[in-house]
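Participant: have a look at this prediction, sequence included:
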Amino acid sequence: YWSARAARGEGLATIAANFREAPEWRQHYGSSTNHAQLVDVMYRNVLDRTPDDAGRAYWLSRLTSGELTPLRLLMFFPESSENVGRANTLPPPG
């Protein structure tokens, strides 16, 4: 579904915003996820690990300073070199 929307030209920012507003997100994470919770969620759900101290501090600093919005954070993690590298080593589906 989301791949098809992206193929039709829907931007990553719009897709990320839709994820954050989805009932599944709110049910699982609540409607008021704070910065620390959001960073932990991205590490756990996208990178399949807990954050290292330096990485967590880096993302929290960028969020707290306003340099990065939560929406942009949702866009960075799936496109990170760590995640892309992991995706390239997974066996094909099916």
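Facilitator: That came in fine, so what should we check first? Predicted model only: the values in this text are computed from it and were never measured. Numbering: from 1, shown residues only.
Participant: which stretch of helix or strand covers the residue nearest the centre of the chain?
Facilitator: Most central in the chain under Cα atoms, centre = their mean is residue 74, positioned 3.3 Å from the mean C-alpha point. Per DSSP states H and E, residue 74 falls inside helix 70-79.
Participant: what's the answer for residue 44, then?
Facilitator: helix 35-46.
Participant: list the residues that contact the residue lying closest to residue 5 once chain neighbours are set aside.
Facilitator: Excluding its sequence neighbours, the residue lying closest to residue 5 (Cβ to Cβ, 6 or more residues apart in numbering) is residue 15, at 6.5 Å. In short, each C-beta sits where N, CA and C put it, glycine included. By Cβ atoms under 8 Å, 6 or more residues apart in numbering, residue 15 lies in contact with 2, 5, 6.
Participant: the first one: neighbouring residues, count only.
Facilitator: One way to gauge burial is a neighbour count; for residue 2, by other Cβ atoms under 10 Å, it gives 11.
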